[in-house]
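*Asks:* got a sequence here, can you build the structure:
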Amino acid sequence: MVSVDWTLGLQIFNFLLLVWVLNKVLYKPIRGVLQERKGKIADFEVAISENKESVQEKEAAFLSGIKDARSEGVKERDALKAEASDEEKRIVSEINKKALAELQEVRAKISREAQSVRKELQKEADLYSKAICQKILGRAV
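*Replies:* This is a model prediction of the structure:
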């Protein structure tokens, strides 16, 4: 049979002392380490979310910069195309003017040559006609 005597009080005191010692020596330091760890993890999570936001902002700025650069490139290309087109028109216009001037010179030259050839042919035709008339008539005309 179990009798309740002063040893029960000693066992209860011993148990409470053991719980108190274990709490001071073992459980509190472990809980402190766990709390520190939990705090560090929370800090890391905050830093991660801030870094994600920062990365997203930087990526958006980068994409915006690329988009702006592309649009600027397209504008420059269009401006260069327009400038080249104007230059082409100017060059073609100059070439046309030169060609027209040369054509007029050639026509004038041909006209002068044709008139001089006509005069020469007229003289030769007159000579040949006189010669033919003389041969037909048999006398000088």
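
*Asks:* where does this structure dip in pLDDT?
*Replies:* The model of the chain has pLDDT under 70 over residues 1, 141.

*Asks:* what's the longest helix in it?
*Replies:* Using DSSP state H to assign secondary structure, the helix with the most residues in the chain is helix 28-137.

*Asks:* next one: that helix to chain centre, how far?
*Replies:* Remark: helix 28-137 is offset 17 Å from the chain centroid, using CA atoms, centre = their mean, to the nearest Å.

*Asks:* what's the spacing between the residue nearest to the spatial centre of the chain and Arg118?
*Replies:* Residue closest to the average C-alpha location in the chain (CA atoms, centre = their mean): Arg70, at 3.6 Å. As for Arg70, its distance to Arg118 is 70 Å (criterion: CB to CB, to the nearest Å). (Glycine included, C-beta is placed from N, CA and C.)

*Asks:* residues in contact with the residue nearest to the centre of the chain?
*Replies:* Listed by CB atoms under 8 Å, 6 or more residues apart in numbering, the contact set of Arg70 is empty.

*Asks:* for it, give its distance to Ser64.
*Replies:* The gap separating Arg70 from Ser64 is 11 Å, by CB to CB.

*Asks:* over to Glu105?
*Replies:* Glu105 is 61 Å from Ser64, where distance means CB to CB.

*Asks:* try Arg77
*Replies:* Applying CB to CB, the value for Arg77 to Ser64 is 20 Å.

*Asks:* Glu120 now?
*Replies:* Distance of Glu120 to Ser64, computed by CB to CB: 83 Å.

*Asks:* can you check Asn51 too?
*Replies:* Relative to Ser64, Asn51 is positioned 20 Å away (CB to CB).

*Asks:* with Lys81 instead?
*Replies:* 26 Å.

*Asks:* what of Glu88?
*Replies:* Between Glu88 and Ser64 the distance, using CB to CB, works out to 36 Å.

*Asks:* equivalent analysis for Phe13, please.
*Replies:* Applying CB to CB, the value for Phe13 to Ser64 is 74 Å.
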